[in-house]
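Undergrad: pasted the sequence and its predicted model underneath.
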Amino acid sequence: LHKNIIIGPSKDTVIMRAVIQRVTQASVTVEGNLISEIEKGLCVLIGIKRSDTKEDMDYITRKILGLRLFEDETGKSWKQTVVQGGHSLLCVSQFTLYAKTSKGNKPDFHMAMGADTSKEMYDNLLTKLREGFPADREDAVKDGVFGAKMSVKIVNDGPVTIVLDSVQRDPLDSLEEK
């Protein structure tokens, strides 16, 4: 009788969000100065919610490093991770992933973690991601300038864009018919 009802996380649910885009190139500039750039790899926008925990960060880290979004040496799609393929990551902290727009037209960002606390968690996430690469490739993880107004340029490859939410292990699970 109720098989088409969609039930999602409550408004107080803990959730870290990442928007992952497979790219042929990506860069971040601040005030016209190039900060970071990568060639083939992943550009990852990271949203940190007020109530996020180390467990949310660990889950997002494992997924970013573990998703098989690249072809292998024979050209077979969806066979290699960013690490296996020898590619890079460009991470950008983006509190606007928590914009609430249900009331009025001005986005409300109160669900995003405050700057001081989220910077620490974001830095820890970058450290974890770097640890996921071989020691000689720790420079494969780049980022922008936390809290700055950035210009992010990407050339999406595919296009491939994946949205990860730490609590709803697969954001599309709630959309499937039961």
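TA: Nice, I can see it. Numbers count the residues shown, from 1 in each chain.
Undergrad: tell me how far the longest helix along the chain is from the chain's mean position?
TA: Ordering each helix of the chain by length in residues (DSSP state H) puts helix 115-131 first. Between the centre of helix 115-131 and the centre of its chain there are 12 Å (C-alpha atoms, centre = their mean, to the nearest Å).
Undergrad: so what touches the helix or strand hosting L65?
TA: Element membership for L65, per DSSP states H and E: helix 54-66. Counting by C-beta atoms under 8 Å, 6 or more residues apart in numbering, helix 54-66 makes contact with 14-16, 18, 20, 42, 44, 46, 81-83, 89, 121, 124-125, 128-129, 132, 164, 166-167, 169, all of which sit outside it. From N, CA and C alone the C-beta is placed, and that goes for glycine too.
Undergrad: following it, which helix or strand shows up next?
TA: Next along the chain from helix 54-66, counting by DSSP H and E, comes strand 88-93.
Undergrad: returning to that earlier point: next SSE after the longest helix of the chain?
TA: Taking DSSP H and E, what comes next after helix 115-131 is strand 141-143.
Undergrad: what helices and strands are in contact with that following strand?
TA: Contact here means 3 or more C-beta pairs under 8 Å, 6 or more residues apart in numbering; DSSP states H and E; on that basis strand 141-143 packs against strand 33-38, strand 88-93, helix 115-131.
Undergrad: may I see those organised as CSV, with mean pLDDT added?
TA: Output for these, formatted as CSV (pLDDT from 0 to 100):
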stretch, mean pLDDT
strand 33-38, 98
strand 88-93, 97
helix 115-131, 92
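Undergrad: of these, flag the one that's most buried.
TA: Mean neighbour count (mean count of other C-beta atoms under 10 Å) peaks for strand 88-93 among those, with a mean of 24.
Undergrad: what lines up beside that strand in the sheet?
TA: Using DSSP bridges, the strands paired with strand 88-93 in its sheet are strand 41-48 (parallel), strand 141-143 (parallel).
Undergrad: so which residues make contact with the last one?
TA: Contacts to strand 141-143, defined as C-beta under 8 Å, 6+ apart, come from residues 28, 36-38, 88-93, 126, 129-130, 133.
Undergrad: just checking: what are the partner strands of the very next helix or strand once past that strand?
TA: For strand 141-143, the succeeding helix or strand toward the C-terminus, using DSSP H and E, is strand 151-165. According to DSSP bridges, strand 151-165 has the following sheet partners: strand 16-30 (antiparallel).
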